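Visitor: predicted model and sequence follow; I will ask about them next.
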Amino acid sequence: MTTSAPVEKVSQDEMLKQFKDRYAALIKENQDLSAKIKENEVTALKLQGAIETLEYFGEGEVPDKVEDKTPETAE
C-alpha cells in the first residue's frame, strides 16, 4: 500500500508566472543581502580602526611588561 502526494494541476501560464515571481523575489533578496554585506563591511572596518586606535593609545598606559625595543648592534 503506497500513498503519494496529490498532484496539483496548474496551467503552464500560471506555472510560468509563479516561477517568474519567485525568480524576481530571489534576485531582489540577493540585492538586499549584498547591500547589507557591504554595509557590514564598512561598519567592520570602522570598528577595526577604532579597536586599533584604542589598543595603540592603551599601550601608553601602565604596561604589563616593558620590552627592550632597541636594535642590537654588531660588535
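Guide: On my side now, so go ahead. Residues are numbered from 1 along each chain as shown.
Visitor: what helix or strand is the spatially most central residue of the chain on?
Guide: The centroid of the chain falls nearest to I37 when counting by Cα atoms, centre = their mean (4.6 Å). Applying DSSP states H and E as the criterion places I37 in helix 12-58.
Visitor: tell me the mean pLDDT over that helix?
Guide: Mean pLDDT, helix 12-58: 97.
Visitor: helices or strands next to that helix in the packing?
Guide: Packing partners of helix 12-58 (3 or more Cβ pairs under 8 Å, 6 or more residues apart in numbering; DSSP states H and E): none among the helices and strands. (Glycine included, C-beta is placed from N, CA and C.)
Visitor: list the contacts of stretch 47-56.
Guide: The list of residues contacting stretch 47-56 from outside it, by Cβ atoms under 8 Å, 6 or more residues apart in numbering, is empty.
Visitor: in it, what's buried?
Guide: Neighbour-count burial for stretch 47-56 flags no residue at all (criterion: 16 or more other Cβ atoms under 10 Å).
Visitor: just use 4 as the starting number from now, easier for me
Guide: Okay, using 4 as the starting number, the last item reads as stretch 50-59.
Visitor: could I have the CA atoms of that stretch written out in CSV?
Guide: Only the C-alpha atoms of stretch 50-59 are listed here, as CSV (Å, rounded to 0.1, in the frame of the first residue of the first chain):
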residue,chain,number,x,y,z
LEU,A,50,35.3,49.1,14.3
GLN,A,51,38.6,47.7,13.4
GLY,A,52,40.1,51.2,13.1
ALA,A,53,38.6,52.1,16.5
ILE,A,54,39.9,49.0,18.1
GLU,A,55,43.4,49.5,16.7
THR,A,56,43.4,53.2,17.9
LEU,A,57,42.2,52.3,21.4
GLU,A,58,44.8,49.5,21.6
TYR,A,59,47.6,51.9,20.4
